[in-house]
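> Sequence first, then the predicted structure, then my questions.
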Amino acid sequence: MSHLLITSETTNEEIQLNFNDDVKNELKSRSQFCKHVTVMGKARTGKSFLLNAIADQNSKFAVGNGSVVTKGVHISNETFQLSGESSIRMIDVEGMGEESDNYDYSLALPILAASDLILFNFKGQPRSNDVIKELNLLVHIFKRVLENKSNKTAVDEQKSKYLFPPIILVLRDWTYAESYTPEKYLNDIFNSKDPSVREIRQCAKAIDVCFLPPPADHKTISRHAELPLKSLDSDFTTALERLKQQMVVYLREPTSTLLGSGLSTTNVFLSTVKHVCDQMNGNGIIIPDVMDAIGRNELNLAVTTSIDYIEKRYPMQLPMAKADLERLLNTKQVAVLDSFREMTKHLTSSRQKRMRDEEYVKFSERIVKDEREKIRQNDELIEEELAREAERLHQQFRVGMERFRWSDNEREVKREVDRQRDLFVEGLVNVARKKNFLGASVHDKIDEKTARTLLPIGNHLKQFDLRAASEIKECQFRIERQNAAKREAELKKAREEAEEYRRKAEKAEEERKKLEREEQQARREREMQAERTSGRIPCRLPMWKPRPPRVITFNGW
């Protein structure tokens, strides 16, 4: 027979653990040194039947055929021995999955913390990821309890003690080929890329696996509400003996855990369980927070793994054609989100689904942001390549325009600038085609409009147009300077001709005045000669020098 040791009540999403003191008082009178073995697992997977088979007693724990019988935590009334070893007391924990994860792990935690051996019962062939998930959740739950304890030294003690006793993964109804051994299954778990595996191995002293085939054929099982032990198949009996031998190996040597100290009495065991129940009730239920933390860890792992997988599957080497890059990024976005959904589909609780949906939205936004960053980086790399080629083409343009530096033919200069511009665009397109910036679909010669659409050459063409306009403007300035020089030369020649005409006019005027004065002098001399001849002037008079006549000039004459 068994006693109901722990029950639980849920109030406003908080779970209160109720420890049955009557059971403790009853078992206290028969307290003896013994080992405590706990079995846990999903509901309706035959945990109670497994305990009865190990103890070789049908009625030790109640068994139901496909229905849930065990509610709460039950502890066996009597002990039994395996292979002459110490006494063993079995504990049966209510199956998980019928209530919330908060309820399941809150109920199991006090027992797991004080047990000497844990049998984790799985039905069928569970994946290694499912096993890792369950073990990882136990580790995080118990660590959260340690962090909430008032005695912080317990956390330091955990560094030198194991968090959990040995764990045996019991895989029921195993039908795989014999070549797939428990050792190989355990290696698949330990070789998983999940980072939580290392922490699980550090927290448990040992983890082992045992395969149990179906206990009987389906017809035999359906005929009995409780399958008699005498009806068990020989294969199941043989596998069960191997499980017992494994239990003896792990129970033979005391395991010092954080709350258990190896061989102890039932009274000490129950006191430890009651202490953990009180501790959890005093600190409030912390299981949802732990499950959220584990869910976040799994989501983060799914994000990292998905990105790494897609990066290896779709390698990207920048720079590349913009159209090809966008097409590749869209393909990677779909693939990485599909991979994320596939890796997180096992998160089925309402809280985990909500976290998964929120993380999916954040992940999608992150992917879009990363795509924009990739496109920006690609554009920058393309721009750098085109900038180097543009600088070479600008130098070529300057060299080509050297022979027109003194040209005064504006039309000829414009024709050369247009030719150089076509060469400039062609050079950028050629280097883009050579570097595969245009994509595999662009083979023919493209015009400037198409080149502007496919390549970021607008700024380079704008710079070229500014230099070309400068060349044309310089030519125009040259022509204007030449025209101004011609006009200045003509004006200077006109001034020189006017000055020469003025000098000639002045010289002619001086000659005319000189002739006029000579003519007047000659006329006066003739008049005086005539007067002397007529006698008007006596010849005896002394000679006198006549005053020169006063000449009055008007207007320069």
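In hand now; what should we look at? Numbers count the residues shown, from 1 in each chain.

> Check residue 1 and give its pLDDT.
Looking at residue 1, its pLDDT is 65.

> same check, this time on residue 170
pLDDT, residue 170: 89.

> Ok, the one 4 residues further on next?
Residue 174 is assigned 82 on the pLDDT scale.

> for this structure, what spans make up the strands?
For the chain, the strands defined by DSSP state E occupy 2-11, 14-19, 33-41, 73-76, 80-81, 87-93, 117-123, 167-172, 207-212, 264-265.

> Take the ones you listed and lay them out in JSON lines including distance to residue 459.
No exception for glycine: its C-beta is placed from N, CA and C like everyone else's. Listed next are the strands of the chain as JSON lines, based on distance: least, C-beta to C-beta, whole Å:
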{"stretch": "strand 2-11", "distance to residue 459": "67"}
{"stretch": "strand 14-19", "distance to residue 459": "64"}
{"stretch": "strand 33-41", "distance to residue 459": "68"}
{"stretch": "strand 73-76", "distance to residue 459": "75"}
{"stretch": "strand 80-81", "distance to residue 459": "87"}
{"stretch": "strand 87-93", "distance to residue 459": "71"}
{"stretch": "strand 117-123", "distance to residue 459": "65"}
{"stretch": "strand 167-172", "distance to residue 459": "65"}
{"stretch": "strand 207-212", "distance to residue 459": "64"}
{"stretch": "strand 264-265", "distance to residue 459": "81"}
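
> out of those, deepest packed?
Stretch with highest mean neighbour count among these: strand 73-76 (a mean of 25; mean count of other C-beta atoms under 10 Å).

> Give me the residues contacting that one.
Residues outside strand 73-76 that contact it (C-beta atoms under 8 Å, 6 or more residues apart in numbering) are 1-7, 23, 27, 51, 55, 60-61, 89-94, 107-108, 110-111.

> Show me how far it is from its chain's centre.
On the basis of C-alpha atoms, centre = their mean, to the nearest Å, strand 73-76 is displaced by 50 Å from the centre of the chain it belongs to.

> what lines up beside that strand in the sheet?
The strands that strand 73-76 pairs with in its sheet are strand 2-11 (antiparallel), strand 87-93 (antiparallel) (by DSSP bridges).

> Alpha carbons of it, in CSV - could you do that?
Written as CSV, here are the backbone C-alpha positions of strand 73-76 (Å, rounded to 0.1, in the frame of the first residue of the first chain):
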residue,chain,number,x,y,z
VAL,A,73,2.8,12.3,-4.5
HIS,A,74,2.5,8.8,-3.0
ILE,A,75,5.1,7.1,-0.9
SER,A,76,5.2,3.3,-0.2
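
> least reliable of the strands of the chain going by mean pLDDT?
Among the strands of the chain, strand 264-265 carries the lowest mean pLDDT (a mean of 66).

> what does the model give residue 541 for pLDDT?
In this prediction residue 541 is given a pLDDT of 50.

> Residue 337 now?
Looking at residue 337, its pLDDT is 86.

> Return the set of buried residues in stretch 323-338.
Across stretch 323-338, burial judged by 16 or more other C-beta atoms under 10 Å covers 324-325, 328-329, 332-333, 336-337.

> count of residues packed around residue 213?
A count of nearby residues for residue 213, using other C-beta atoms under 10 Å, gives 19.

> I'd like to know how far it sits from residue 221.
13 Å (C-beta to C-beta, to the nearest Å).

> nearest residue to residue 200 other than its sequence neighbours?
residue 135 (4.8 Å; C-beta to C-beta, 6 or more residues apart in numbering).

> Out of the strands of the chain, flag the one nearest residue 424.
strand 207-212 (70.7 Å; C-beta to C-beta).

> Figure out how far the closest one is from the centre of its chain.
Remark: strand 207-212 is offset 40 Å from the chain centroid, using C-alpha atoms, centre = their mean.

> Just checking: what are the partner strands of it?
strand 167-172 (parallel).

> Tell me what angle the strand it pairs with forms with strand 117-123.
Here strand 167-172 runs at 30 degrees with respect to strand 117-123, directions being taken by axes from the mean of the first three to the mean of the last three C-alpha atoms, to 10 degrees.

> can I get the CA coordinates of strand 167-172 in CSV?
Extracted C-alpha coordinates of strand 167-172, given in CSV (Å, rounded to 0.1, in the frame of the first residue of the first chain):
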residue,chain,number,x,y,z
ILE,A,167,19.0,9.7,-13.1
ILE,A,168,18.0,6.6,-15.1
LEU,A,169,16.0,7.3,-18.2
VAL,A,170,13.5,4.4,-18.6
LEU,A,171,12.3,4.2,-22.1
ARG,A,172,9.2,2.0,-22.2
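
> Identify the residues contacting that strand?
Here strand 167-172 has contacts from 39, 41, 45-46, 50, 117-126, 131, 135, 185, 204, 206-212, 243, 246-247, 250, using C-beta under 8 Å, 6+ apart.

> can you give me how far that strand is from the chain middle?
Centre to centre, stretch against its chain (C-alpha atoms, centre = their mean), the figure for strand 167-172 is 39 Å.

> Repeat that for stretch 463-478.
Centroid separation for stretch 463-478 versus its chain: 48 Å, with C-alpha atoms, centre = their mean.

> same deal with stretch 388-402?
Per C-alpha atoms, centre = their mean, the displacement of stretch 388-402 from the mean C-alpha position of its chain is 41 Å.

> Stretch 522-531 now?
Its chain's C-alpha centre lies 129 Å from the corresponding centre of stretch 522-531 when counted by C-alpha atoms, centre = their mean.

> what separates residue 248 from residue 312, distance-wise?
Note on residue 248: its distance to residue 312, by C-beta to C-beta, is 47 Å.

> my bad, should have said residue 176
On the measure of C-beta to C-beta, residue 176 and residue 312 end up 30 Å apart.

> who has more neighbours, these two?
residue 176 (13 against 8).

> what's near enough to touch the more buried one?
Applying C-beta under 8 Å, 6+ apart, we find residue 176 in contact with 125, 211.

> Let's see that with 10 Å instead.
Each residue near residue 176 by C-beta atoms under 10 Å, 6 or more residues apart in numbering is listed here: 125, 184-185, 211, 213.

> Am I right that residue 44 is in contact with residue 124?
No - at 12.0 Å, residue 44 and residue 124 do not qualify as touching, with contact defined as C-beta atoms under 10 Å.

> neighbour-wise, which of the two wins?
residue 44 (16 against 11).

> In the stretch 51-200 of the chain, what residue spans correspond to helices?
101-114, 128-148, 153-157, 182-190, 196-203 (DSSP state H, counting those that start in this stretch).

> and the angle for the fourth one with strand 207-212?
Between the direction of helix 182-190 and that of strand 207-212, the angle (the same axes, to 10 degrees) works out to 130 degrees.

> what's the neighbour count on residue 528?
Residue 528, neighbours per other C-beta under 10 Å, totals 12.
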